[in-house]
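Participant: Sequence below, structure please.
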Amino acid sequence: MLKEFKDFITGGNVIEFAVAVIMAGAIGAVVTGFVNNIVMPFVGHFTGGTDFADKKIILDEAVVDAAGVVTTPENAIMWGSWVNTIINLLIVGLVMFLIVKAYNKTKKPAEEPAPAGPSQEDLLGEIRDLLKK
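Facilitator: As a prediction, the model looks like this:
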């Protein structure tokens, strides 16, 4: 059983999958940084300096005691952060589309099968007909 597990874990599919998961995490961090640090400032610029990451709908205000300590935290719907996440999704989708499209261009087109010639029976029939003449 240990040998089977060793064969499984060192097999190509598992290693390729592990590399894909690690790369996906790295690409996710890059895309998040791109959206938060490059795309959203442009969006904020065209929306009058709005930072979507801070946009929220407050359901319950935070409760602060006399000493200034928050006793009950604020309850809010963080819709701006959700907008950033949607933009992340769209950018990741676009990047994956471009990668798959480029990969598909590198693949060789499938060769068309050679046209089927006459069958052996047809050839023998033609020879027979020629011999009869």
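Participant: Nearest the middle, which residue of this structure would you pick?
Facilitator: Of all residues in the chain, the one closest to the mean position by Cα atoms, centre = their mean is Met96, 4.7 Å from it.
Participant: a strand runs through that one, doesn't it?
Facilitator: No: for Met96, which was evaluated using DSSP: H, G, I helix; E, B strand; the rest coil, the result is helix, with no strand membership.
Participant: can you give me phi and psi for Ile77?
Facilitator: Recorded main-chain torsions at Ile77 are phi -90, psi 120, according to degrees, to the nearest 10.
Participant: Report the beta-bridge partner residues of it.
Facilitator: With DSSP bridges as the criterion, Ile77 is bridged to Ile57.
Participant: any weak-confidence spans in this protein?
Facilitator: Of all residues in the chain, those with pLDDT under 70 make up the ranges 12, 114-115.
Participant: Show me where it has its strands.
Facilitator: Along the chain, counting by DSSP state E, strands occupy 57-60, 63-64, 70-72, 75-77.
Participant: Quick one, which of those gets closest to Leu90.
Facilitator: Taking Cβ to Cβ as the criterion, Leu90 comes closest to strand 75-77 out of the strands of the chain, the separation being 21.2 Å. All C-beta atoms are positioned from the backbone trio N, CA, C, and that covers glycine.
Participant: just checking, what packs against the closest one?
Facilitator: strand 57-60 (3 or more Cβ pairs under 8 Å, 6 or more residues apart in numbering; DSSP states H and E).
Participant: contact partners of the strand it packs on?
Facilitator: The set of residues that contact strand 57-60 without belonging to it, under Cβ atoms under 8 Å, 6 or more residues apart in numbering, is Thr72, Glu74, Asn75, Ala76, Ile77, Trp79.
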